[in-house]
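Enquirer: Kindly return the folded structure for what I paste below:
(chains A and B)
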2 protein chains.
Amino acid sequence: MDHPHQRRRAARGHDLRAVHPRPQAGRDRARPQGARRHRRPRPRDVQAIRRRRPRGVGCCCLARSAPTQTFTGVDSSGIGALSVFRTPVIITSPHNETLKQVRKLAAKRERARAGAFVAEGEDLLEAADAAGWEPRARLCVAGSGLPGTEVEAELLHAVSQLGSGTRTLAIYDQRYAPAATDGLTVHLHGVHDPGNVGTVLRAAHAFGAAAVSLGPGTADPYGPKAVRASMGAVFATPLVRAHGGVGDLPGATVALVARAGTALPRLGAQLADGPVTLLVGAERDGLPDDVVAACDHVAHIPIEGESLNAAMAAGVALYELRRIHMVTSDE
Amino acid sequence: MDHPHQRRRAARGHDLRAVHPRPQAGRDRARPQGARRHRRPRPRDVQAIRRRRPRGVGCCCLARSAPTQTFTGVDSSGIGALSVFRTPVIITSPHNETLKQVRKLAAKRERARAGAFVAEGEDLLEAADAAGWEPRARLCVAGSGLPGTEVEAELLHAVSQLGSGTRTLAIYDQRYAPAATDGLTVHLHGVHDPGNVGTVLRAAHAFGAAAVSLGPGTADPYGPKAVRASMGAVFATPLVRAHGGVGDLPGATVALVARAGTALPRLGAQLADGPVTLLVGAERDGLPDDVVAACDHVAHIPIEGESLNAAMAAGVALYELRRIHMVTSDE
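Expert: Residues are numbered from 1 along each chain as shown, chains lettered A, B, ... in the order given. Next up, the predicted model:
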């Protein structure tokens, strides 16, 4: 492709055009354009994909590869050897229902509707296994030897939300817990960056928080970026949906702000026993004034420089609160 | 554009084609293809861009807008009013030398060659001003009222490394300092993620570290992602290039590892006075065994969960070391 500055023309957008014009443009514009749109009769020159099956019924689109012969129940006498033919299935079509669902779950609305989410990568799926989560469906690249239904590599990469593609992914049910009655809860208010939400989840898990509570304006913890950044903590740390006000949060409430209130280490004695909720706001805006006013304590992390990343601030505060708790329980 | 799964064809790459074929394909392939390649005589039907100036000389590509009349030196008597015609210049061509340089500085090799880097966004440039850094060049969107040479919005967005485009950017000299002789130094070893490097810089600045030292395999702190993640700390915290071994690092060396050595809070008394260097490794691999063996102390952050993000671990360790130092200096 010729770069605009080499062709001595002004750089205006991409020099690429779609091979096909936009679908259903012009006079057909008013008709439904989604996957379930009305369809014209299939043109004669278009090859049918599934000729032998009725449309819409059991469209699992599985290609049966050559049967693999496995022997089970072979006893030492050699008698009674039972041969079972197992036909491993490989998903070879992008129309497969599971792949369709994985694609859909990239959208927050669909995740909320289905009450499900996708986790990608071997590390995350191992974390899910360790935490005892059963996937709705589990896919892996054909020939990888990983557990799950095998899929052609190209198809799995096409539905992956990771830049580098993935070797395995799974669909899980979303789980929300009731508010923790003891220990340390982190409450996120307006933390709209999914990476920060995931990183806070990871830190909360590392420092043994009882739960992470999700206030208004906070990114979906089950979105692909948050799940990725949590590095599996999303499966280990209970998530709580907080619809009420500050008064409904468990225990003593501590608002974490930038440069007001007490230095966090000095709160020690007041937070020694009973449950504590740490409230964390967005990076730039912080917590709203009315939320800060409703909290039992206002605290900051003593720093010299300008500011800390929201997730970093939450992490350091969690560390400090845990340290306070350990020091006072040693005494 | 028609999605592959709607067209009932296998999803194979983009359905986009370049409007023009690849440049200089076929029999011309062996010739130089860069910007300074041999050129054919200009075809008659191509409009000249700069007809009045000799090629290659003073190609500053500035469009002079209508002159703005400004009055300076007006005294109270009204006599001696001196009218100066100032012609504000707006960069309107992608061939402008400053824009070219901004584009080039996206590459690490060019940054190292030129000893320069680009910072984008008003926050970062304010941080640079506050730290007293003079830019080599400073650009802003035409009509924004920001300081710097005005550029057409489209052109500035085209050279921006931020996803959302930027209203201003500037080119600065890279600065490296000699190793700090006192205080706390953070040494990064093999931290190849530029976002983590930037976040550590920000935390180092927040917790008052004397310097950040960059060991082998660490991402360029002057890359666009690291500069962005540092949120201006790149201008405030001295950066040190560490070519030598662990022995050359200042003060007592503390290797931060996942689950070995002493819990960091227990190192207190041993690190109370004199300079300290905290060594941080990459997220997955950690510090190499020989580096850990060469350190004076080996410490970990006491956590319950699996692991911490590398930048988070460094931030918490910095917080803890600073707390230790403050507690012991109070006594």
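
Enquirer: Can you tell me, leaving aside adjacent residues, what's nearest to A:Ala106?
Expert: Counting by CB to CB, 6 or more residues apart in numbering or on different chains, A:Ala106 lies nearest to A:Gln161, which is 5.9 Å off, once chain neighbours are set aside. Glycine gets a C-beta too; all of them are placed from N, C-alpha and C.

Enquirer: How confident is the prediction for A:Arg9, by pLDDT?
Expert: The score at A:Arg9 is 54. That number is its pLDDT.

Enquirer: returning to that earlier point: am I right that the residue nearest to A:Ala106 is in contact with A:Gly121?
Expert: No. Contact between A:Gln161 and A:Gly121 fails when scored by CB atoms under 8 Å: they sit 10.5 Å apart.

Enquirer: Compare those two (neighbour count), which wins?
Expert: For A:Gln161 versus A:Gly121, neighbours defined as other CB atoms under 10 Å in any protein chain shown are more numerous around A:Gly121 (20 against 17).

Enquirer: so who does that one touch?
Expert: The contact partners of A:Gly121, by CB atoms under 8 Å, 6 or more residues apart in numbering or on different chains, come to A:Leu162, A:Thr166, A:Arg167, A:Thr168, A:Leu169, A:Arg228.

Enquirer: Most neighbours out of those residues, which is it?
Expert: A:Leu169 (28 neighbours).

Enquirer: List the contacts of the helix or strand hosting that one.
Expert: Using DSSP states H and E, A:Leu169 sits in strand A:168-173. Identification of contacts with strand A:168-173 by CB under 8 Å, 6+ apart yields A:98, A:101-102, A:105, A:115-122, A:125, A:128, A:133-141, A:144, A:146-148, A:156, A:159-160, A:235.

Enquirer: Quickly run through the sheet partners of that strand, with directions.
Expert: strand A:116-120 (antiparallel), strand A:137-141 (antiparallel) (DSSP bridges).

Enquirer: what residue ranges in chain A score low on pLDDT?
Expert: A:1-88, A:163-164, A:305-306, A:326-331 (pLDDT under 70).

Enquirer: before we move on, back to that, which residues touch the next helix or strand after the strand holding A:Leu169?
Expert: Downstream of strand A:168-173, the next assigned helix or strand under DSSP H and E is strand A:184-188. Applying CB under 8 Å, 6+ apart, the contact partners of strand A:184-188 are A:179, A:197, A:200, A:204, A:207-215, A:218, A:240, A:242, A:249-251, A:253, A:275-280, A:314, A:318, A:321-322, A:325.

Enquirer: correct me, but A:Pro221 touches A:Val212?
Expert: Yes. If you go by CB under 8 Å, A:Pro221 and A:Val212 touch, sitting 7.3 Å apart.

Enquirer: who's more crowded, these two?
Expert: Taking neighbours as other CB under 10 Å, A:Pro221 and A:Val212 compare with A:Val212 leading, 29 against 25.

Enquirer: measure the closest residue to A:Phe235 other than its chain neighbours to chain B for me?
Expert: Closest residue to A:Phe235 apart from its sequence neighbours, by CB to CB, 6+ apart: A:Ala131 at 4.0 Å. Using CB to the nearest CB, to the nearest Å, A:Ala131 is found at 11 Å from chain B.

Enquirer: go on, A:Ala114?
Expert: 19 Å.

Enquirer: quick one, phi psi at the closest residue to that residue other than its chain neighbours?
Expert: Once flanking residues are discounted, A:Ala114 sits nearest to A:Leu105: 6.8 Å by CB to CB, 6+ apart. Here is the backbone geometry of A:Leu105 (degrees, to the nearest 10): phi -70, psi 0.

Enquirer: residues in contact with A:Leu105?
Expert: By CB under 8 Å, 6+ apart, A:Leu105 lies in contact with A:Arg111, A:Ala114, A:Ala116, A:Phe117, A:Val118, A:Ile171.

Enquirer: which residues does the fourth one bridge with?
Expert: Spelled out, that is A:Phe117. Applying DSSP bridges, one finds that A:Phe117 bridges with A:Tyr172.

Enquirer: quick one: it from B:Ala153, how far?
Expert: According to CB to CB, to the nearest Å, A:Phe117 stands 38 Å off from B:Ala153.

Enquirer: ok, back up a step: and which of the contacts of A:Gly121 is nearest to chain B?
Expert: Checking those against chain B with CB to the nearest CB, the nearest one is A:Arg228 at 11.6 Å.

Enquirer: sec struct for the residue nearest to the closest one when sequence neighbours are not counted, please.
Expert: Closest residue to A:Arg228 apart from its sequence neighbours, by CB to CB, 6+ apart: A:Gly198 at 6.4 Å. Here A:Gly198 takes the helix state, with states given by DSSP: H, G, I helix; E, B strand; the rest coil.

Enquirer: next one: the one 3 residues further on
Expert: Assigned state for A:Leu201: helix (three-state reduction, three-state DSSP).

Enquirer: got it, and A:Pro216?
Expert: Classified using three-state DSSP, A:Pro216 is coil.

Enquirer: Does it touch A:Gly190 like I think?
Expert: Yes. Between A:Pro216 and A:Gly190 there is a contact at 6.7 Å, judged by CB under 8 Å.

Enquirer: who's more crowded, the two?
Expert: Shown here are A:Pro216 and A:Gly190; by other CB under 10 Å, A:Gly190 has more neighbours (19 against 11).

Enquirer: show me the contacts for the residue nearest to A:Phe235.
Expert: A:Ala131 sits in contact with A:Gly232, A:Phe235, A:Ala236, where contact means CB under 8 Å, 6+ apart.

Enquirer: how many other residues sit next to the last one?
Expert: Neighbourhood size, A:Ala236 [other CB under 10 Å]: 20.
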